[in-house]
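> Build me a structure from this.
(one chain, ligands or ions: 2)
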Amino acid sequence: MNKNIVCIGAGYIGGPTMAVIAKMNPDRRVIVVDINKERIAAWNSKDFNLPIYEPGLVEIVKEVRGRNLFFSTDIKKAVRDCDIVFVGVNTPTKMFGKGAGRASDLQYWEATARNIKDWAKCPKVVVEKSTLPVRTAAAMDAILNSEVKVRGESERRMFTVLSNPEFLAEGTAIKDLLDPDRVLIGGPQDTPGQAAVQAVVDIYLGAAGNWVPRTRILTTNVWSAELTKLAANAFLAQRVSSINAIAGLCEATGADVDEVAQVIGADKRIGPKFLKAGPGFGGSCFKKDVLNLVYLCETFGLHTAAEYWMGVIKMNDHQQERIVSRLFKEMFNTLANKKIALFGFAFKADTGDTRETPAGTVARLLADEHVNLTITDPKALGNAKNDLRDLKGVVYEIDPYKAAKGADAVVLMTDWALYPTLDWAKIYATMRKPATVFDTRNCLDATNLRKLGFRVLNIGK
Ligand code: NAD
Ligand code: UGA
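Ligands and ions are numbered 1, 2, ... in the order given. I've put the predicted structure just below:
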């Protein structure tokens, strides 16, 4: 087996993951390929104007690009030359036919598998990096290994399909990749399957054996690995929905959700993470993966389990509706022609990603109320413009001071570290009075804002 690696899909997962694999394995040649020419051109751009923003990414790409990391659109050649093929293409929610709105759309995955089969000249390990429904590997195995001649036990499979789901979070991708809580590799339990698993374990150990400690590399059967990824995202999403459900009750009763979360989280059995109330979870994966779990439960006749997980999504959607209706009430039951500045459009801080961002839903609900909307964000304005291209009259402004000028309300949607450091007295002076701040991330100093004259709304307070 040669040491070369190819990754099909140069997106949020393929780019950062392979950059770190290349950094920690200087003895391997890593090629990231994609059908999207613009994306590959951006990864190869002379001025390192990469297609995604992720803290620490550009430094690593500068170190390894051209050394042992390469970006290309020549997928056929890359697949031929490598023995280990990671597949990190997108797996969005299917929007048509059976399972529409819930199941994963696997057409990109299947197209990739068929291409690998057509182009490969020697046995390969195919690694699922994308998040996939449980038992996808069985379908992949059936496609890849159809028509392959059976000669002997060791040559039984031309392709071995493994599952190596990725747990990184955007905004902390590089940190998560360099020092992961765990790496999960699922593979067939037979001898060639276990050899393939070992080949991928070796990648994560790193060339010098100093990357992921062996005790943190967990190996399971393929189905457990596929299901674990969906379950892990569902558990995280469920915690966010749970604390947001408590937030509504806090607002109604005078309890403070941050105090409640702090004390709940002090219980070691619960732990403090993922208990921050806010505008609801966004990002490309939580909703898609929970819906996928719902679909799987339904498919296997587990209707009560499906309803349980659907509740996580319903609670999340409700959170953005609640934000707009509270603002509506606070602003004298009419928002028409009022100027509202959304501070932040990315689904979380430290990313330019706006997929499923709660700010997008809030922007649309405000547009329905005929609000004059201005949006500011340090990294996501390009994506915001694209996402809301059908909404007329929205102003996009990089400078938060200019965005707030003349506004009736600022609605803080993304927890960028920049926002608490702004000169809020200066912002207050330029806004129309009464001036409202709705801090949906509870990250500003509400006492100080009130002293300055603002009316302040928070989540769960
Ligand atoms: P993405 O849309 O950013 O990137 C996917 C890339 O695959 C695109 O550039 C697309 O052009 C390319 N592609 C699609 N079909 C192709 C084909 N046939 N040949 C070559 N390239 C092709 O998506 P992403 O955010 O990187 O997510 C990819 C997968 O990783 C998803 O299954 C997702 O659930 C999973 N995942 C994502 C994250 C994350 O933080 N974004 C984290 C963990 C897991
Ligand atoms: C999430 C998981 O954390 C990763 O482990 C997983 O690999 C990834 O999904 C994926 O499969 O794509 P990500 O969506 O990038 O990562 O970011 P998170 O930090 O999980 O945040 C998700 C959303 O929940 C954000 O909108 C965030 O603001 C929100 N959130 C998170 C809260 O509202 N409260 C919290 O306490 C935590």
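> Next up, the contacts around the spatially closest residue to Gly311 that is not a sequence neighbour.
Beyond its immediate neighbours in the sequence, the residue positioned closest to Gly311 (Cβ to Cβ, 6 or more residues apart in numbering) is Ser241, lying 7.5 Å away. The C-beta positions use only the backbone N, C-alpha and C, and glycine is treated the same way. Ser241 makes contact with Gly280, Phe281, Gly311, Val312, Ile313, Met315, Asn316 under the criterion Cβ atoms under 8 Å, 6 or more residues apart in numbering.
> Secondary structure element holding the fourth one?
Assigning secondary structure by DSSP states H and E places Val312 in helix 303-330.
> counting contacts, what elements does that helix pack onto?
In terms of contacts (3 or more Cβ pairs under 8 Å, 6 or more residues apart in numbering; DSSP states H and E), helix 303-330 is packed against helix 222-253, helix 286-299, helix 358-368, strand 409-412, strand 436-439, strand 455-458.
> Mean neighbour count, these: which tops it?
Here the criterion is mean neighbour count by mean count of other Cβ atoms under 10 Å, and of the helices and strands packed on helix 303-330 the winner is strand 409-412, at a mean of 26.
> how about the CA coordinates for that strand, as PDB?
What follows is strand 409-412, C-alpha atoms only, in PDB (Å, rounded to 0.1, in the frame of the first residue of the first chain):
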ATOM      1  CA  ALA A 409     -32.800  48.400  17.700                       C
ATOM      2  CA  VAL A 410     -29.700  46.400  17.500                       C
ATOM      3  CA  VAL A 411     -30.200  42.600  17.500                       C
ATOM      4  CA  LEU A 412     -27.000  40.800  18.400                       C
END
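> Neighbouring strands of it in the sheet, and parallel or not?
Based on DSSP bridges, the strands next to strand 409-412 in the sheet, each with its direction, are strand 339-343 (parallel), strand 436-439 (parallel).
> on that earlier part again, pull out the buried residues from the contacts of Ser241.
Gly280, Phe281, Val312, Ile313, Met315, Asn316 (16 or more other Cβ atoms under 10 Å).
> Buried ones in the worst-scoring helix or strand of the chain on mean pLDDT, by neighbour count?
Of all helical and strand segments in the chain, the minimum by mean pLDDT, DSSP states H and E falls on helix 136-144, at a mean of 88. Of all the residues in helix 136-144, those buried under the rule 16+ other Cβ under 10 Å are Thr136, Ala137, Ala139, Met140, Asp141, Ile143, Leu144.
> Kindly format the C-alpha coordinates of it as CSV.
The C-alpha trace of helix 136-144 is given here as CSV (Å, rounded to 0.1, in the frame of the first residue of the first chain):
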residue,chain,number,x,y,z
THR,A,136,-24.4,3.6,3.9
ALA,A,137,-21.2,1.7,3.9
ALA,A,138,-23.1,-1.4,2.9
ALA,A,139,-24.5,0.4,-0.1
MET,A,140,-21.1,1.7,-1.0
ASP,A,141,-19.6,-1.8,-0.6
ALA,A,142,-22.2,-3.2,-3.0
ILE,A,143,-21.5,-0.5,-5.6
LEU,A,144,-17.8,-0.6,-5.3
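> That one to helix 222-253, inter-axis angle?
Comparing the axes of helix 136-144 and helix 222-253 via axes from the mean of the first three to the mean of the last three Cα atoms, to 10 degrees yields an angle of 140 degrees.
> Show me what the helix or strand just after helix 136-144 packs onto, helices and strands only.
Elements were assigned by DSSP H and E; along the chain past helix 136-144, the next helix or strand is strand 159-163. Applying 3+ Cβ pairs under 8 Å, 6+ apart, we find strand 159-163 packed against strand 124-128, helix 136-144, strand 183-186, helix 191-205, helix 222-253.
> returning to what we had before: so which of the buried ones among the contacts of Ser241 would you say is closest to Val200?
Ranking those by separation from Val200, with Cβ to Cβ as the measure, puts Phe281 on top at 29.8 Å.
> which stretch among the helices and strands packed on strand 159-163 comes nearest ligand 1?
Distances from ligand 1 to each of the helices and strands packed on strand 159-163 were compared using Cβ to the nearest ligand atom; the shortest belongs to helix 222-253, at 7.4 Å.
> tell me the angle of the closest one relative to helix 191-205?
Following the same axes, to 10 degrees, one obtains 50 degrees for the angle between helix 222-253 and helix 191-205.
> does ligand 1 sit close to helix 222-253?
No. Using Cβ under 6 Å from any ligand atom, helix 222-253 stays clear of ligand 1, coming no nearer than 7.4 Å.
> and the chain, which residues reach ligand 1?
Residues of the chain lying near ligand 1 by Cβ under 6 Å from any ligand atom: 8-14, 34-36, 39, 75, 88-91, 108, 111-112, 130-131, 166, 168, 170, 284-285.
> What remains of those if I keep only buried residues?
The neighbour count (16+ other Cβ under 10 Å) marks 8-14, 34, 39, 75, 88-91, 108, 112, 130-131, 166, 168, 170, 284-285 as buried among the residues of the chain next to ligand 1.
> show me where pLDDT drops low in the chain?
In the predicted model of the chain, residues 1-2, 148-156 satisfy pLDDT under 70.
> Which part of it gets nearest to ligand 1, residue-wise?
Ranked by Cβ to the nearest ligand atom, the top residue of the chain for proximity to ligand 1 is Gly11, at 1.9 Å.
> Show the contacting residues for that residue.
Going by Cβ under 8 Å, 6+ apart, Gly11 touches Asp34, Arg39, Ile52, Gly88, Val89, Asn90.
> how far away is it from ligand 2?
For Gly11, the distance to ligand 2 under the criterion Cβ to the nearest ligand atom, to the nearest Å works out to 11 Å.
> So that residue: helix, strand or coil?
In terms of secondary structure, Gly11 is coil; the call rests on DSSP: H, G, I helix; E, B strand; the rest coil.
> Adjust the sequence numbering to begin at 25 for everything that follows.
Sounds good: first residue 25 from here, last item Gly35.
> and the nearest residue to Arg263 once chain neighbours are set aside, how many neighbours?
Counting by Cβ to Cβ, 6+ apart, the nearest residue to Arg263 once its immediate chain neighbours are dropped is Phe298, at 4.2 Å. One way to gauge burial is a neighbour count; for Phe298, by other Cβ atoms under 10 Å, it gives 17.
> Name the helix or strand for Thr471, please.
Under the assignment given by DSSP H and E, the secondary-structure element containing Thr471 is helix 470-476.
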